[in-house]
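Colleague: Below is the sequence, then the predicted model.
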Amino acid sequence: MTETTTNETPAAPKLRHIVTVGGKTIYWGTGRRKNSVARVRLLVGEGKFLVNDREIEHFFTETLHRNEVIAPLAAAGLAGKVDVLVSVHGGGFTGQAGAIVQGLGRAVSLYDQNLRKAMQDSGFLTRDSRMKERKKYGLRGARRAFQFSKR
């Protein structure tokens, strides 16, 4: 028997989240948190950050949420160098901020593969799986029972 070796390189992963439109490359990232879903588009630009066609300062009035959303760009050193366009729906402000963080982390890791480790270590690629617990039959809420009266 003779051994044959092939010099085939493994196929590159399909990057369907990288699209080129009009000469500009757009990097897509989807994030989820609670009932919120965020679709994040990242492209090279002058640093605009729009959430549902509004400036980030007008969408997130709380400084806590604004800082949380900008954190992936600050960790990657891309603040002011890229435009971020976000479409988010569902949930409240905290859930939407968490969804944007995950989507932005995914888009940044597609933008530069070397930043993926930094995004992972900072927790920007991890989905926060905490959800509201469902109401159970015979109870007032998820776990709260009706008040017991002996007499």
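Modeller: Ah, there it is. Numbers count the residues shown, from 1 in each chain.
Colleague: switch to C-alpha atoms for all contacts and neighbour counts from now on
Modeller: OK.
Colleague: And residue 61, how close does it get to residue 54?
Modeller: Distance of residue 61 to residue 54, computed by C-alpha to C-alpha, to the nearest Å: 12 Å.
Colleague: what stretches of the protein score poorly on pLDDT?
Modeller: For the chain, the stretches flagged by pLDDT under 70 are 1-15.
Colleague: now the strands for it?
Modeller: Assigned by DSSP state E, the strands in the chain fall at 18-21, 24-33, 36-44, 49-51, 54-55, 82-89.
Colleague: For the ones you listed, give me CSV that also has mean neighbour count.
Modeller: Output for the strands of the chain, formatted as CSV (neighbours: other C-alpha atoms under 10 Å):
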stretch, mean neighbour count
strand 18-21, 12
strand 24-33, 22
strand 36-44, 23
strand 49-51, 20
strand 54-55, 13
strand 82-89, 20
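Colleague: Quick one: closest of those strands to residue 125.
Modeller: Nearest of the strands of the chain to residue 125, taken as C-alpha to C-alpha: strand 24-33 at 8.6 Å.
Colleague: Give me the residues contacting the closest one.
Modeller: Strand 24-33 is contacted from outside by 17-20, 37-44, 95-96, 98-108, 110-111, 127-130, using C-alpha atoms under 8 Å, 6 or more residues apart in numbering.
Colleague: again, only this time at 7 Å
Modeller: Applying C-alpha atoms under 7 Å, 6 or more residues apart in numbering, the contact partners of strand 24-33 are 17-20, 37-43, 95-96, 98-100, 102-104, 106-107, 110-111, 127-128.
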